[in-house]
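Student: quick one: sequence plus predicted model below, questions after.
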Amino acid sequence: MRRIRFVLAGLAALTAALAAAPAWAEPKARVEGVEDEELKARIERAIGESKDAPETRMQARRRAADAAQDAIAALRSEGYYGYTVEPDVSDGEPPVPVVRVTPGPQFTIANPTVTFQPLEPSPDAAAISRDAMGLQPGQAGRAADVIAAEGRAVAALTMRGYADAAPGERQVLVDHSDQTVRPNFMIDPGGLVRMDGLRVTTEGRTNPRWVAQLAPWDTGDVYDPEDVAELERRLLDTGVYDSVTVALAPRNQTTPEGYRPVVISLADRPKSTLEAGASYSTSEGAGVDLIWNRYNRLGRADTLTFEAHYAEILSRVLARLSLPHFERPAQTLSLSLEGVQELTDAYDRTALLLRGDFKQRFEKTSFYTYGLLIDVGRSAERVIDPNTNQAVKLSRDLAVLSAPVGLTLDRSDDPLDPHRGWRVQVELQPAATFGDEQLWFFRAQAQGTMYVPLGESGRTVVAGRLRLGSIVNGSVPDVPPAYRFYAGGGGSVRGYEYQGIGPRLPDSDKPLGGPSLVEASIELRQQLWGDWGGVLFFDAGSVGDNPTPDFSIVNTSVGAGVRYKLPFGPIRADFAVPLDRSHGQPSFQVYVSLGQAF
């Protein structure tokens, strides 16, 4: 029996570099004798190409010899050890380097083993590490598979708490008598690591005691790299750091109790940022936004936001404090104070809103919310007097106390420009009014969107949206006007004026709103060239007089738009035409904003 021992370390570099061949027109050498097209292409990539053809037979012979060595390395990496490779030069002029290859049989894996030294890990960890190799007897003895198996064996030990596990000398026994490859991995597991507390390094304001509360382990727990990664995610999710590094301390920093601390390095983002935005539509007018954010003022990754929005219909100022990971991981407490002025066709309103809510994230973009809202203000609208059947002005001072809860499930691939996936949003809001009107009512709404790419390139996307809403135990005008449903406008049914769909006053044609809503949209989104795209869309919507959504009277519209993609998302411009336009309404609407319509 003829046996040859050798180490595959050099083949690892070759495996990673096989695809990296310079883009020359001439191959270094012509490969002959290989019938397997895939193997032949592998050898040709390993040999590579050359800029210039050899000028003499001596140059061609040297190039063929070099190519033969590359071919041998490629054959071994694929498990062909019984090969014959002969460099040669073709007859005639100009001379062509030739490599004649007889691959022989492909050797297979047999009896892969792991030897732990100098110490043996626990029996469970050792068994899991061996199982993780994933090498099956009889499979092709490829170098890449052997190297990957070693990596899996080491990673399995790391996942079981052996943070210092490392590979030693990797040996492979190639047996030509039975055409097998027998890997033997030498692995040093190190010792079982138990975790200590945190060591926080930062030039910012972050309080290390707050960071310590985020650790998903207790002192003395066995090391788990997923726990370390989760702590890093929790810190990054706050949005107040430019960079976060979380790593296990070196072995020489083990405490007398035998525990290893975790070292955290935090780099704060700028202490404050100023943002500005603008939007425009023919139905809602122009709008501008200014947002000033201040970060980490309390030393616990908090964000203090001051926001001002001015538009013809809606103006507001807002102050909000967000406290991430409040009381438990992934839960954010938001406290806000907001002043609002609305001047719409349906009503005028001035109000002060005090809100406190919790947002609990359970996936990267999915969460549920619950909280309290106090809304105190004055509203004025025109309603029908039941005694005279005439339109009269109704002004009321109201306080609305509500407890909104919501759920957002997001399985789309992008928040501003989705190409595939779906989203579902549900909001339930029990509420009670005090002051000039005493009433309790229940407001519910839900919206679902779906995005389906056509073809593998994803340049064409079909997007759909459905929104439903209902108010129980409330009618017009008892329910405050800001809590009723309206339709029409850029975020609703395009082509119609803001609040332009639904019941109206008979004499003044003023919108009344209603206790139910249904909206639907479908879009065909097409990437055209470069960063430009186009959209065709159809919208529909209805506002009903009853809590049950009304599908009998539906207003529809069609339109087209353009999109220009920026690094943070697309800018959209839509032109929409109403198909059920009533007398006096405009024949089209134009909308310009950031992001897709839905």
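Tutor: Perfect, I can see it now.
Student: right, and Val518 touches Asp550 too?
Tutor: Yes - if you go by Cβ atoms under 8 Å, Val518 and Asp550 touch, sitting 7.1 Å apart. C-beta coordinates here come from the backbone N, C-alpha and C atoms, glycine included.
Student: tell me what the longest helix belonging to the chain is packed against?
Tutor: Identified as the longest helix of the chain according to DSSP state H is helix 57-77. On a contact count with 3 or more Cβ pairs under 8 Å, 6 or more residues apart in numbering; DSSP states H and E, helix 57-77 meets helix 9-17, helix 37-47, strand 84-89, strand 97-102, helix 143-159.
Student: out of the ones you listed, deepest packed?
Tutor: Most buried of these by mean neighbour count (mean count of other Cβ atoms under 10 Å) is strand 97-102; its value is a mean of 22.
Student: now do that strand, average pLDDT.
Tutor: Average pLDDT, strand 97-102: 93.
Student: which strands and helices sit next to the very next helix or strand once past it?
Tutor: Going down the chain from strand 97-102, the next helix or strand is strand 108-109, by DSSP states H and E. Judged by 3+ Cβ pairs under 8 Å, 6+ apart, strand 108-109 is in contact with strand 180-188.
Student: so what's the nearest residue to Val462 once chain neighbours are set aside up against?
Tutor: Closest residue to Val462 apart from its sequence neighbours, by Cβ to Cβ, 6 or more residues apart in numbering: Val452 at 4.8 Å. Contact analysis of Val452 by Cβ atoms under 8 Å, 6 or more residues apart in numbering lists 420, 461-463.
Student: check Arg396 too.
Tutor: Arg396 makes contacts with 378-380, 435-437, 480, as judged by Cβ under 8 Å, 6+ apart.
Student: mind listing the residues bridging to it?
Tutor: Ser379 (DSSP bridges).
Student: measure it to Tyr483 for me?
Tutor: Separation of Arg396 from Tyr483 (Cβ to Cβ, to the nearest Å): 13 Å.
Student: hang on, the earlier thing: using PDB, write down the CA coordinates of the longest helix of the chain.
Tutor: What follows is helix 57-77, C-alpha atoms only, in PDB (Å, rounded to 0.1, in the frame of the first residue of the first chain):
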ATOM      1  CA  ARG A  57       9.400  27.600 -28.200                       C
ATOM      2  CA  MET A  58      11.500  28.000 -25.000                       C
ATOM      3  CA  GLN A  59       9.000  30.600 -23.600                       C
ATOM      4  CA  ALA A  60       6.100  28.300 -24.600                       C
ATOM      5  CA  ARG A  61       7.800  25.300 -22.800                       C
ATOM      6  CA  ARG A  62       8.300  27.400 -19.600                       C
ATOM      7  CA  ARG A  63       4.700  28.600 -19.700                       C
ATOM      8  CA  ALA A  64       3.500  25.000 -20.200                       C
ATOM      9  CA  ALA A  65       5.500  23.800 -17.200                       C
ATOM     10  CA  ASP A  66       4.100  26.600 -15.000                       C
ATOM     11  CA  ALA A  67       0.600  25.800 -16.300                       C
ATOM     12  CA  ALA A  68       1.100  22.100 -15.400                       C
ATOM     13  CA  GLN A  69       1.800  23.000 -11.800                       C
ATOM     14  CA  ASP A  70      -1.400  25.000 -11.700                       C
ATOM     15  CA  ALA A  71      -3.300  22.200 -13.200                       C
ATOM     16  CA  ILE A  72      -2.000  19.800 -10.500                       C
ATOM     17  CA  ALA A  73      -3.000  22.100  -7.700                       C
ATOM     18  CA  ALA A  74      -6.500  22.400  -9.300                       C
ATOM     19  CA  LEU A  75      -6.800  18.600  -9.600                       C
ATOM     20  CA  ARG A  76      -5.800  18.000  -6.000                       C
ATOM     21  CA  SER A  77      -8.300  20.700  -4.800                       C
END
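Student: pull out the buried positions in it.
Tutor: Buried residues in helix 57-77, counted by 16 or more other Cβ atoms under 10 Å: 60-61, 63-64, 66-68, 70-77.
Student: what does stretch 519-529 give?
Tutor: 519-521, 523, 525, 527.
Student: contacts for that stretch?
Tutor: Residues contacting stretch 519-529 (Cβ under 8 Å, 6+ apart): 459-467, 487, 492-493, 533-542, 563, 596-598.
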